[in-house]
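**Student:** Sequence and predicted structure, then a few things I'm wondering about:
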Amino acid sequence: MSSVSTMKLKRQDRRKMRIRSVVRGTTERPRLSVFRSLKNISVQIIDDTTGRTLVSACTLEKTLRGTTGSGGNIKAAALIGRQIADRAKAKGINKVAFDRGGYRYHGRIKALADAAREGGLQF
């Protein structure tokens, strides 16, 4: 890795840890954590008090793989947002704390959050 990309990752990790120090998932309000790469996006709903993942969704799942073309676009992010909202509702989760993972709140992250809100999650 070049020094520029290493510095960029360090800055992102600092942002991520700064956000994580404030956003904590509880049993009543678990944390909705987002990870995005160039090709895919994945979401987990995590209870930080027990350290367990309650619900997850990813563009790499077989049911979602062929529907969006690429997993790294806004259409795929919106699909994952609706999917995580449906799965959370099935588990009885209505309220979550949104953890954007150090990424800016625009583009795919915003599309995912808006779709999850439309699906019935409150954050």
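**Tutor:** Perfect, thanks for sending it. Just so it is clear, the model here is predicted, and its values are computed rather than measured.
**Student:** Which residue ranges of this structure form helices?
**Tutor:** Under the criterion DSSP state H, the chain contains helices at 3-22, 74-91, 108-118.
**Student:** Quick check: closest non-adjacent residue to residue 80.
**Tutor:** Ranked by C-beta to C-beta, 6 or more residues apart in numbering and with sequence neighbours excluded, the top spatial neighbour of residue 80 is residue 57, at 5.1 Å. In short, each C-beta sits where N, CA and C put it, glycine included.
**Student:** what's the spacing between the one you found and residue 114?
**Tutor:** Distance of residue 57 to residue 114, given as C-beta to C-beta, to the nearest Å: 15 Å.
**Student:** higher neighbour count, the two?
**Tutor:** residue 57 (25 against 14; other C-beta atoms under 10 Å).
**Student:** just to revisit the earlier point, including mean pLDDT, could the helices of the chain go into a markdown table?
**Tutor:** What follows is those, written out as a markdown table (pLDDT from 0 to 100):
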| stretch | mean pLDDT |
| --- | --- |
| helix 3-22 | 77 |
| helix 74-91 | 95 |
| helix 108-118 | 97 |
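**Student:** Relative to residue 61, which of those is closest?
**Tutor:** Checking the helices of the chain against residue 61 by C-beta to C-beta gives helix 74-91 as the closest, at 8.5 Å.
**Student:** How about residues contacting that closest one?
**Tutor:** Applying C-beta atoms under 8 Å, 6 or more residues apart in numbering, the set of residues contacting helix 74-91 from outside is 32, 36, 40-43, 45, 54-59, 64, 67-70, 94, 96, 107-109, 111-121.
**Student:** So which of those sit within strands?
**Tutor:** Among these, the members found in strands (DSSP state E) are 32, 36, 41-43, 45, 54-58.
**Student:** Can you tell me which of those has the lowest confidence score?
**Tutor:** Least confident of the ones in strands among the contacts of helix 74-91 in the model: residue 36, at 91.
**Student:** can you tell me which residues contact the residue most central in space within the chain?
**Tutor:** Nearest to the geometric centre of the chain sits residue 34, at 2.2 Å (C-alpha atoms, centre = their mean). Contact analysis of residue 34 by C-beta under 8 Å, 6+ apart lists 41-43, 98-101, 103, 109, 112.
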